[in-house]
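> Structure for this input, please:
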Amino acid sequence: QLQLVESGGGLVQPGGSLRLSCVASGFTFDYYGITWFRQAPGKEREGISCISRSGGGTNYADSVKGRFTISRDNAKNTVYLEMNSLKPEDTAIYYCAALRTVQVMCVMAERKYAYWGQGTQVTVSS
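Below you'll find the predicted structure:
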């Protein structure tokens, strides 16, 4: 059974940092690209960062570029999202999702992703 479990969320002050983890089980992890999505209250879910199967390709939404870094450790079946210089507008539930693909690059199109974690809450507030 394919499963994704996010962790690492919490309450942080503006300017602070958090590292989210997405641990996968039940499938061959390095066959899948992974994307982090987030959904803020009253807003649509948006893709913010993705990483290719090998980790050699990454992409970021403009809203997080330069502040967030995505990485993966295929030996640990884990993808990380390092979030720095956090802003109140980063407050959201963060989800990771998996897409089986043969593509070298990753995509952040939500409609392509069939497998999702349960989400972890990130709150940025003073």
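> what about the strands in the protein?
Secondary structure of the chain, counting by DSSP state E: strands at 3-7, 10-12, 18-25, 32-39, 46-51, 58-60, 68-73, 78-83, 92-100, 115-116, 120-124.
> Need the residues that contact the first one.
By C-beta atoms under 8 Å, 6 or more residues apart in numbering, the residues outside strand 3-7 that reach it are 20-26, 94-98, 115-120. C-betas here are computed from N, CA, C, even on glycine.
> Drop anything exposed from these.
Using 16 or more other C-beta atoms under 10 Å as the burial test, the contacts of strand 3-7 include 20-24, 94-98, 115-117, 119-120 as buried.
> residues in contact with T35?
Contacts for T35 were tallied using C-beta under 8 Å, 6+ apart; they are G47, S49, C50, I51, C96, A97, L99, C106, V107, M108, Y113.
> need these in a markdown table with pLDDT and distance to R72, can you?
As requested, those are exported to a markdown table (pLDDT from 0 to 100; distance: C-beta to C-beta, whole Å):
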| residue | pLDDT | distance to R72 |
| --- | --- | --- |
| G47 | 97 | 16 |
| S49 | 98 | 11 |
| C50 | 98 | 11 |
| I51 | 97 | 5 |
| C96 | 98 | 10 |
| A97 | 98 | 14 |
| L99 | 95 | 13 |
| C106 | 92 | 10 |
| V107 | 90 | 16 |
| M108 | 94 | 15 |
| Y113 | 94 | 16 |
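> Straight-line length of stretch 117-126, end to end?
End-to-end distance of stretch 117-126: 28 Å, with C-alpha to C-alpha, to the nearest Å as the criterion.
> Same check on stretch 36-52?
Stretch 36-52: ends 12 Å apart by C-alpha to C-alpha.
> and for that stretch, what are the contacting residues?
Stretch 36-52 has contacts (C-beta under 8 Å, 6+ apart) with 20, 22, 33-35, 57-61, 63-64, 68, 70-72, 79, 81, 89-97, 103-110, 119, 122.
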